[in-house]
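Asker: let's see this in three dimensions:
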Amino acid sequence: MLHEILYTLHVLGMAGIIIISLQLALKKEITEVLRKKLSLFLMSAAHTQLLTGFALFFLLMSEVNHMKIGIKMLLAIEVAVLATMYRRSIAKNEVPNSMFIVAILLSAIVITLVAFFL
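Answerer: Purely as a prediction, here's the structure:
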(Lines give C-alpha, C1' and ligand atoms only; values in the text may rest on other atoms or scores of the structure.)
Protein backbone atom coordinates (compact mmCIF):
# COMPACT_ATOMS: atom_id res chain seq x y z
CA MET A 1 0.00 0.00 0.00
CA LEU A 2 2.74 2.48 0.99
CA HIS A 3 4.76 1.53 -2.08
CA GLU A 4 1.83 2.29 -4.41
CA ILE A 5 1.17 5.67 -2.79
CA LEU A 6 4.83 6.68 -2.98
CA TYR A 7 5.14 5.46 -6.56
CA THR A 8 2.04 7.42 -7.61
CA LEU A 9 3.37 10.59 -5.96
CA HIS A 10 6.76 9.98 -7.58
CA VAL A 11 5.27 9.71 -11.07
CA LEU A 12 2.98 12.71 -10.49
CA GLY A 13 5.99 14.75 -9.36
CA MET A 14 7.88 13.92 -12.55
CA ALA A 15 4.82 14.64 -14.70
CA GLY A 16 4.47 17.98 -12.93
CA ILE A 17 8.09 18.86 -13.57
CA ILE A 18 7.83 18.07 -17.27
CA ILE A 19 4.46 19.78 -17.82
CA ILE A 20 5.32 22.95 -15.88
CA SER A 21 8.79 23.31 -17.39
CA LEU A 22 7.33 22.82 -20.88
CA GLN A 23 4.77 25.51 -20.20
CA LEU A 24 7.42 27.90 -18.89
CA ALA A 25 9.75 27.17 -21.80
CA LEU A 26 7.22 27.40 -24.62
CA LYS A 27 4.83 30.14 -23.53
CA LYS A 28 6.13 33.59 -24.39
CA GLU A 29 3.47 35.69 -22.69
CA ILE A 30 3.25 34.66 -19.04
CA THR A 31 2.12 37.14 -16.40
CA GLU A 32 4.35 37.69 -13.41
CA VAL A 33 1.73 36.24 -11.05
CA LEU A 34 1.39 33.08 -13.13
CA ARG A 35 5.19 32.74 -13.40
CA LYS A 36 5.47 32.95 -9.59
CA LYS A 37 2.80 30.29 -9.12
CA LEU A 38 4.30 27.99 -11.74
CA SER A 39 7.78 28.36 -10.25
CA LEU A 40 6.39 27.39 -6.83
CA PHE A 41 4.61 24.37 -8.31
CA LEU A 42 7.76 23.40 -10.23
CA MET A 43 9.88 23.54 -7.09
CA SER A 44 7.28 21.57 -5.13
CA ALA A 45 7.05 18.91 -7.83
CA ALA A 46 10.83 18.58 -7.96
CA HIS A 47 11.09 18.17 -4.20
CA THR A 48 8.18 15.71 -4.15
CA GLN A 49 9.80 13.64 -6.87
CA LEU A 50 13.15 13.65 -5.07
CA LEU A 51 11.79 12.76 -1.63
CA THR A 52 9.49 10.01 -2.88
CA GLY A 53 12.38 8.63 -4.93
CA PHE A 54 14.54 8.40 -1.81
CA ALA A 55 11.69 6.77 0.12
CA LEU A 56 11.08 4.22 -2.63
CA PHE A 57 14.79 3.43 -2.75
CA PHE A 58 14.94 2.72 0.97
CA LEU A 59 11.79 0.59 0.81
CA LEU A 60 13.15 -1.55 -2.03
CA MET A 61 16.89 -1.25 -1.40
CA SER A 62 17.74 -4.90 -2.09
CA GLU A 63 15.64 -5.15 -5.27
CA VAL A 64 16.92 -2.19 -7.31
CA ASN A 65 19.65 -1.53 -9.85
CA HIS A 66 21.93 0.68 -7.77
CA MET A 67 23.70 2.26 -10.75
CA LYS A 68 20.37 3.25 -12.31
CA ILE A 69 19.11 4.67 -9.02
CA GLY A 70 22.38 6.57 -8.52
CA ILE A 71 22.08 8.25 -11.91
CA LYS A 72 18.44 9.11 -11.30
CA MET A 73 19.16 10.51 -7.83
CA LEU A 74 22.00 12.74 -9.05
CA LEU A 75 19.81 14.13 -11.80
CA ALA A 76 16.85 14.53 -9.42
CA ILE A 77 19.03 16.48 -7.00
CA GLU A 78 20.15 18.68 -9.90
CA VAL A 79 16.52 19.29 -10.92
CA ALA A 80 15.52 20.15 -7.34
CA VAL A 81 18.43 22.57 -6.94
CA LEU A 82 17.78 24.27 -10.29
CA ALA A 83 14.04 24.53 -9.56
CA THR A 84 14.82 26.07 -6.16
CA MET A 85 17.27 28.55 -7.71
CA TYR A 86 14.68 29.45 -10.35
CA ARG A 87 12.00 29.94 -7.68
CA ARG A 88 14.27 32.15 -5.57
CA SER A 89 15.13 34.40 -8.49
CA ILE A 90 11.43 34.74 -9.35
CA ALA A 91 10.60 35.48 -5.71
CA LYS A 92 13.21 38.28 -5.70
CA ASN A 93 11.54 39.77 -8.80
CA GLU A 94 14.64 39.08 -10.87
CA VAL A 95 14.54 37.79 -14.43
CA PRO A 96 15.96 34.25 -14.26
CA ASN A 97 18.15 32.84 -16.97
CA SER A 98 16.03 30.86 -19.45
CA MET A 99 18.61 28.08 -19.32
CA PHE A 100 17.27 27.08 -15.90
CA ILE A 101 14.05 25.82 -17.47
CA VAL A 102 15.85 24.17 -20.39
CA ALA A 103 18.20 22.34 -18.02
CA ILE A 104 15.31 21.25 -15.78
CA LEU A 105 13.30 19.99 -18.74
CA LEU A 106 16.20 18.10 -20.32
CA SER A 107 17.22 16.55 -17.00
CA ALA A 108 13.64 15.48 -16.30
CA ILE A 109 13.42 13.84 -19.72
CA VAL A 110 16.74 12.04 -19.15
CA ILE A 111 15.53 10.81 -15.74
CA THR A 112 12.36 9.46 -17.36
CA LEU A 113 14.33 7.75 -20.12
CA VAL A 114 16.74 6.20 -17.61
CA ALA A 115 13.79 4.99 -15.50
CA PHE A 116 12.14 3.18 -18.39
CA PHE A 117 14.95 2.14 -20.71
CA LEU A 118 18.07 1.46 -18.59
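Asker: just checking, what packs against whichever strand or helix holds residue 77?
Answerer: Secondary structure from DSSP states H and E places residue 77 in helix 66-91. Other helices and strands packing on helix 66-91, by 3 or more C-beta pairs under 8 Å, 6 or more residues apart in numbering; DSSP states H and E, are helix 32-59, helix 99-117. Bear in mind the C-beta positions are built from the backbone N, C-alpha and C, glycine included.
Asker: tell me the mean pLDDT for the last one?
Answerer: In this case it means helix 99-117. Predicted confidence along helix 99-117 averages 94 (mean pLDDT).
Asker: re the thing from before, would you mind giving the helices and strands packed on helix 66-91 as a markdown table with mean neighbour count and distance to residue 23 added?
Answerer: Below are the helices and strands packed on helix 66-91 laid out as a markdown table (neighbours: other C-beta atoms under 10 Å; distance: least, C-beta to C-beta, whole Å):
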| stretch | mean neighbour count | distance to residue 23 |
| --- | --- | --- |
| helix 32-59 | 18 | 7 |
| helix 99-117 | 17 | 9 |
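Asker: what's the closest of these to residue 92?
Answerer: Proximity to residue 92 (C-beta to C-beta) singles out helix 32-59 among those, at 10.9 Å.
Asker: who's in contact with residue 87?
Answerer: 39-40, 42-43 (C-beta atoms under 8 Å, 6 or more residues apart in numbering).
Asker: gap between the residue most central in space within the chain and residue 8?
Answerer: Nearest to the mean C-alpha position of the chain, counting by C-alpha atoms, centre = their mean, stands residue 46 at 3.3 Å. Separation of residue 46 from residue 8 (C-beta to C-beta, to the nearest Å): 17 Å.
Asker: what does residue 54 give?
Answerer: Between residue 54 and residue 8 the computed distance is 16 Å (C-beta to C-beta).
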